[in-house]
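K.L.:
predicted model and sequence below, questions to follow.
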Amino acid sequence: MTEEQQAGNVVAMVRAEYLIQFANWLRGIGTPVDRELARARLPTLIEEMPDEYVSLDLAFRFLMNCVRAEGVDDLGFEAGWGVMIDDFDPIMRNALCLAPTVRARLECFIRFASLENNSLRCSLQPEGEMMRLCIHQYCPPGGDSRISEWPAIKAVIEICRGAMGPDWLPPEICLQSSIKLHPGAQDRLGDTRVLIGQPITSILVPARLLATPVTGFGGFTSDVETGLRSGRSLGVNGDGLVELLIQALSPYLVCGNPSIDLAAEIAGISVRSLQRRLHQFQTTYSELVDRIRFDRAARLLRDPDLKIMDVALAVGYDDASNFARAFRRIGGMSPREFRLQQ
């Protein structure tokens, strides 16, 4: 992203779960994933934090490095084809469970897509006897659009399979990528017509199927609106650069303080510009990191099974006393008192 784009407070982020899908597949072919994550300046422990958010630019850097190193030009399809309903954000899963038809579930996906990737925008458009679900998402300069196209396509297919059966495939898939589909991928797509070099990524669904009842994915009963009011879901949808950086930097805490140059790189601006932006919010970078540590610690302390020392380690402290002092400085009470109040 350019500096001008960042003036609109846009930081492209994606749930770590999608990066984990790729990391798992790459490990299966012997890729040194931890080394490549570090090389791309991503948290090496990200596989333990599927619901955190990471920079989409850094995620693409990691994946494109792996594509070049391994010579795998169909990585997007191979890893993306493994996406299942269970991989969705919990709020998304709950909403899908409550929606009774294919149309209602596709509309849920459209509504909550930004919880998975805050650059992801979808729409349903009528097309004769068909409905076309269009997928718009950010691909960094030099990135391969197939890496981001296939996980979104497979997500839509899985939603439809809830009513049409586990083997259902759409009659047509349109890809923005102009690279011909790998023969092995086409074999798994059966009779689906795949068009490349299209202006937009999209999937055709017969309109008559949209009223088909869905039997449910099972097991998801939480209150969707309560989830929507949570800071995590609102943070990724918000426009504030500070709020988005809080999401993006949180996974790095377990390894210590993320540097300001890393934060600036995630934001797509210079260190000096980031400092100016933070000054506008009457804060400094060190104060921002302290807030991120406090917010993450407060979330973890709500889990009664976690020891306070485990929480301290998870937010970058190797000493419980230092953690307690820092927590009290921001929250006005000790971690133990905070936990009792919850």
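P.N.:
Great, that's in hand. Owing to the predicted nature of the structure, the values given are computational and were not obtained by experimental measurement. Numbering: from 1, shown residues only.
K.L.:
so which residues of this structure form strands?
P.N.:
13-15, 53-55, 121-127, 130-136, 172-174, 193-195, 201-206 (DSSP state E).
K.L.:
where does this structure have low pLDDT?
P.N.:
1-10, 215-239, 342 (pLDDT under 70).
K.L.:
quick one, domains of it?
P.N.:
1-72+241-254, 78-239, 255-341 (automatic domain parsing).
K.L.:
can you say which of these is packed in most?
P.N.:
domain 1-72+241-254 (a mean of 19; mean count of other CB atoms under 10 Å). Using the backbone N, CA and C atoms, a C-beta is placed for each residue, glycine as well.
K.L.:
off-centre distance for that domain?
P.N.:
Averaging C-alpha positions (CA atoms, centre = their mean, to the nearest Å) puts domain 1-72+241-254 9 Å from its chain's average.
K.L.:
then stretch 100-117?
P.N.:
15 Å.
K.L.:
returning to what we had before: quick check: which of the strands of the chain is nearest to Met333?
P.N.:
strand 53-55 (27.9 Å; CB to CB).
K.L.:
that closest one pairs with which strands?
P.N.:
strand 13-15 (antiparallel) (DSSP bridges).
K.L.:
quick one: residues in contact with the partner strand.
P.N.:
50-56, 59, 89, 115-119, 236, 244, 247-248 (CB atoms under 8 Å, 6 or more residues apart in numbering).
K.L.:
which of these fall within helices?
P.N.:
Among the contacts of strand 13-15, the members found in helices (DSSP state H) are Leu56, Ala59, Val236, Leu244, Gln247, Ala248.
K.L.:
give the contact list for the second one.
P.N.:
Think Ala59. Val14, Tyr18, Leu19, Ala40, Leu42.
K.L.:
repeat that for 7 Å
P.N.:
Val14, Leu19, Leu42 (CB atoms under 7 Å, 6 or more residues apart in numbering).
K.L.:
distance of the last one relative to Pro213?
P.N.:
Here the criterion is CB to CB, to the nearest Å. By it, Leu42 lies 41 Å from Pro213.
K.L.:
in CSV, list the strands of the chain along with distance to Gly80.
P.N.:
Converted to CSV, those look like this (distance: least, CB to CB, whole Å):
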stretch, distance to Gly80
strand 13-15, 13
strand 53-55, 17
strand 121-127, 16
strand 130-136, 12
strand 172-174, 12
strand 193-195, 14
strand 201-206, 12
